[in-house]
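Novice: structure, please.
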Amino acid sequence: MIKFRIREKEILIDDEDLKIIESHKWRVSSGGYVIRNSNDKNKSRHIYLHKEILKLKDNKIMVDHKDGNTLNNQKSNLRTCTHTENMRNRKVFKSSKSGYKGVVFDGTSGKWRLSLYIRFDDKIEAAKTYDKIAKLLYGDFARLNFPN
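Specialist: Numbering: from 1, shown residues only. All right, here's what the predicted structure looks like:
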């Protein structure tokens, strides 16, 4: 592992990726990602270090930093993902009143509640998953989609 600094920020990469860093001028974006500028075909665009390390040319492919640290660009911390998967690994919003992911205050009841959205491609799979969770939470009072 190699540690280097860009304007007081500590960047982590694997030893074998040093050549990527040395061959270009990198900076940390306002969003916290390590980027460089590219002027291909008279168009200026940003190149992300994590995509460069994984050798991803397709901008539609997303990369998630497992530990949430966008400055940790070691291969063991990077994984390709969908937009939905990337959102699942987001940190707690600064504006969160609870300070926890998925926990919101319900002003009507005056209580804290869980806020979790699960999307399914198949409605039967969604209904069966609901049944499992309802049994766990409501026991005998759970009205199930598939009671048998």
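
Novice: the closest residue to Gly99 other than its chain neighbours: neighbour count?
Specialist: Spatially, and ignoring its direct neighbours in sequence, Gly99 is nearest to Val92 (6.4 Å; C-beta to C-beta, 6 or more residues apart in numbering). C-betas here are computed from N, CA, C, even on glycine. Residues contacting Val92 under the criterion other C-beta atoms under 10 Å number 12.

Novice: work out for me the element Val92 sits within.
Specialist: Under DSSP states H and E, no helix or strand contains Val92.

Novice: OK, contacts around it?
Specialist: Gly99, Tyr100, Lys101 (C-beta atoms under 8 Å, 6 or more residues apart in numbering).

Novice: repeat that for 10 Å
Specialist: Ser98, Gly99, Tyr100, Lys101, Gly102, Val103 (C-beta atoms under 10 Å, 6 or more residues apart in numbering).

Novice: farthest-separated two in the residues you listed?
Specialist: Maximum pairwise distance in the contacts of Val92, criterion C-beta to C-beta, is 11.5 Å, between Gly99 and Gly102.

Novice: the more surrounded of the two?
Specialist: For Gly99 and Gly102, the more surrounded residue by other C-beta under 10 Å is Gly102, and the numbers stand at 12 against 9.

Novice: could you dump stretch 17-25 to CSV, C-alpha only?
Specialist: The C-alpha atoms that make up stretch 17-25 are tabulated as CSV, following Å, rounded to 0.1, in the frame of the first residue of the first chain:
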residue,chain,number,x,y,z
ASP,A,17,-0.8,1.5,-9.3
LEU,A,18,1.9,4.0,-8.6
LYS,A,19,2.6,4.4,-12.3
ILE,A,20,-1.0,5.7,-12.8
ILE,A,21,-0.4,8.4,-10.2
GLU,A,22,3.0,9.4,-11.5
SER,A,23,1.9,9.7,-15.1
HIS,A,24,-0.7,12.4,-14.5
LYS,A,25,-1.5,15.5,-12.3
